[in-house]
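> Sequence and predicted structure are below.
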Amino acid sequence: MESKLFQPINIKNLTLKNRIVMSPMCMYSSENGDGKVIDWHTIHYTSRAIGGAGLVFLEATAILPEGRISEQDLGIWSDDQLPGLSKLVQLNHRYGSKIGIQLSHAGRKAQLEGTIFGPSPIRFDEHYKVPEEMNKEEINKVVSAFKEGARRAKAAGFDVIELHAAHGYLLHEFLSPLSNQRTDEYGGTEENRYRLLSEVVEAVKEVWDGPLFVRISGSDYLEGGLNIGIHIKYARQMKSQGVDLIDASSGGNVPVPVNAFPGYQVPFAEKIKTESGIMTGAVGLIVEPFQAEEILNNNRADLVFLGREFLRNPYWPLTAAIKLGAGSSLEAPRQYQRGWRLK
């Protein structure tokens, strides 16, 4: 049977050559607080394109300076950052992969000088500052910044945009009752807590007509927090708004232990796909090619996102092609073919 991992897939107006995605992972490598691409990013991301990934995602890229996780984050709040981002796009395309960017605002998990912001004045833990509760003007500023980030992403040539609504960052903070204790139209009910993400999706779609993903945390792993049932409802709403795929991760909004094991987050992707009818990406300690193949063959997700495995092995797709007997589905770069006998 032909390997499904190496079958092309169409998402909106985009075709990926295979279903292997490098997950967004922060590199904390920008210098001087300017959010610009440096040589590290160029080498890091392009090597995964050379290694055969169908889609390579940039790390969480800040839409505002105060929305960075750290001063070393990549940014997309200024046109001055576009030349480096455009170069990454050009290089990934040259070496055969599509490329996506994850637009993000860190919210109360920003570790910066000055004021940080959140839905409510509740800090993440004792090591973080208490955020300032955002007023309507500040909320509108964030929505506009996501829209401008999407405009710049389009100008740079990215193939996919992902909105980061997971891991305890701002959009996740608004979704979760553990971090959002507002009593206005942005809090108090599931519908109200979804409002900011809804407004961001609508704003982004005004300037972006390509594939739009959203990364969510399927569970807060704490009673009273987000769970998969709530996220199935949100996924249906996102689908109705034109979101193309849910990238299903988990945790990060409150400091609780997580029992992580190979494939531990795959059930979130599977449930959302089955019960909302939207495409999903599975992520979470997916390490072996046969593990990835099982996920796809059993229709548990549409894409497989690899994080730490891609840090260990930029050429994981080539390894997978050999193990799955799918050498005819992927060609090693000409310069490497002496070392990779895929057929």
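Nice, thanks for sending it over. Bear in mind the structure is a predicted one, so any value in this text is a computation, not a measurement.
> For the stretch 201-343 of the chain, which residues score under the pLDDT cut-off?
Scanning the stretch 201-343 of the chain for pLDDT under 70 picks out the ranges 342-343.
> Output the longest helix belonging to the protein.
helix 136-156 (DSSP state H).
> Can you tell me what sits against that one?
If you take CB atoms under 8 Å, 6 or more residues apart in numbering as the criterion, helix 136-156 is touched by 61, 63-64, 67, 76-77, 79, 81-82, 85-86, 89, 101, 103, 105, 117, 134, 161, 163, 170, 186, 196, 199-200, 203-204, 206-208, 210. From N, CA and C alone the C-beta is placed, and that goes for glycine too.
> Would you mind identifying the next helix or strand past that helix?
Per DSSP states H and E, the first helix or strand lying C-terminal to helix 136-156 is strand 160-165.
> can you give me the angle that next one makes with helix 136-156?
For strand 160-165 against helix 136-156, the angle by axes from the mean of the first three to the mean of the last three CA atoms, to 10 degrees is 160 degrees.
> Which parts of this protein are helices?
Counting by DSSP H, the helices of the chain are 39-50, 82-94, 136-156, 170-175, 190-205, 228-240, 266-276, 289-297, 308-312, 316-323.
> Please save the CA atoms from the shortest one in CSV.
The one in question is helix 308-312. What follows is helix 308-312, C-alpha atoms only, in CSV (Å, rounded to 0.1, in the frame of the first residue of the first chain):
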residue,chain,number,x,y,z
ARG,A,308,11.5,17.9,18.6
GLU,A,309,12.1,15.2,16.0
PHE,A,310,12.9,17.9,13.5
LEU,A,311,15.3,19.5,15.9
ARG,A,312,17.2,16.1,16.1
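> residues of it that come out buried?
For helix 308-312, the neighbour count (16 or more other CB atoms under 10 Å) marks 309-310 as buried.
> That helix: how far from the chain's middle?
From the chain centre to the centre of helix 308-312 is a distance of 16 Å (CA atoms, centre = their mean, to the nearest Å).
> just the fifth one next, same as before
Relative to the mean C-alpha coordinate of its chain, helix 190-205 is positioned 17 Å out (CA atoms, centre = their mean).
> Number the residues from 260 up from this point.
Right, with 260 as the first residue, what we last looked at is helix 449-464.
> buried set for it?
451-456, 458-460, 462-464.
> for the third one, same thing?
Along helix 395-415, these residues count as buried under the neighbour rule (16+ other CB under 10 Å): 398, 401-402, 404-412, 415.
> now, among those residues, which is nearest to Ser356?
Nearest to Ser356, judged by CB to CB, of these is Ala415 at 15.3 Å.
> I'd like to know how far that closest one sits from Tyr574.
From Ala415 over to Tyr574 the distance is 26 Å, taken as CB to CB, to the nearest Å.
> Then Arg367?
Counting by CB to CB - Arg367 and Tyr574 are separated by 38 Å.
> how close does Ala507 get to Gly483?
For Ala507, the distance to Gly483 - CB to CB - is 21 Å.
> Ser288: neighbour count?
By other CB atoms under 10 Å, the residues close to Ser288 number 15.
> Sorry, wrong one. I was asking about Ala541.
29.
> Contacts only, for it.
Per CB under 8 Å, 6+ apart, neighbours of Ala541: 507, 522, 524-525, 528-529, 554, 559-560, 562-564.
> gap between it and Gly469?
Ala541 sits 22 Å away from Gly469, going by CB to CB.
> ok, now Tyr453?
23 Å.
> Then Asp506?
For Asp506 relative to Gly469 (CB to CB), the value is 15 Å.
> ok so, going back, make JSON lines out of the buried residues of helix 395-415 and add distance to Ala308.
As requested, the buried residues of helix 395-415 are exported to JSON lines (distance: CB to CB, whole Å):
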{"residue": "Ile398", "distance to Ala308": "37"}
{"residue": "Val401", "distance to Ala308": "31"}
{"residue": "Val402", "distance to Ala308": "32"}
{"residue": "Ala404", "distance to Ala308": "28"}
{"residue": "Phe405", "distance to Ala308": "26"}
{"residue": "Lys406", "distance to Ala308": "28"}
{"residue": "Glu407", "distance to Ala308": "27"}
{"residue": "Gly408", "distance to Ala308": "22"}
{"residue": "Ala409", "distance to Ala308": "22"}
{"residue": "Arg410", "distance to Ala308": "24"}
{"residue": "Arg411", "distance to Ala308": "21"}
{"residue": "Ala412", "distance to Ala308": "18"}
{"residue": "Ala415", "distance to Ala308": "16"}
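> And those residues, which is closest to Arg353?
Minimum distance to Arg353 across the buried residues of helix 395-415 is 14.9 Å, recorded for Ala415 (CB to CB).
> ok, Leu555 - contacts?
263-264, 278, 561, 563.
> Looking at these, which are in strands?
Using DSSP state E to define strands, the subset of the contacts of Leu555 located there is Val563.
> Excluding sequence neighbours, find me the nearest residue to Leu344.
Ala415 (4.3 Å; CB to CB, 6 or more residues apart in numbering).
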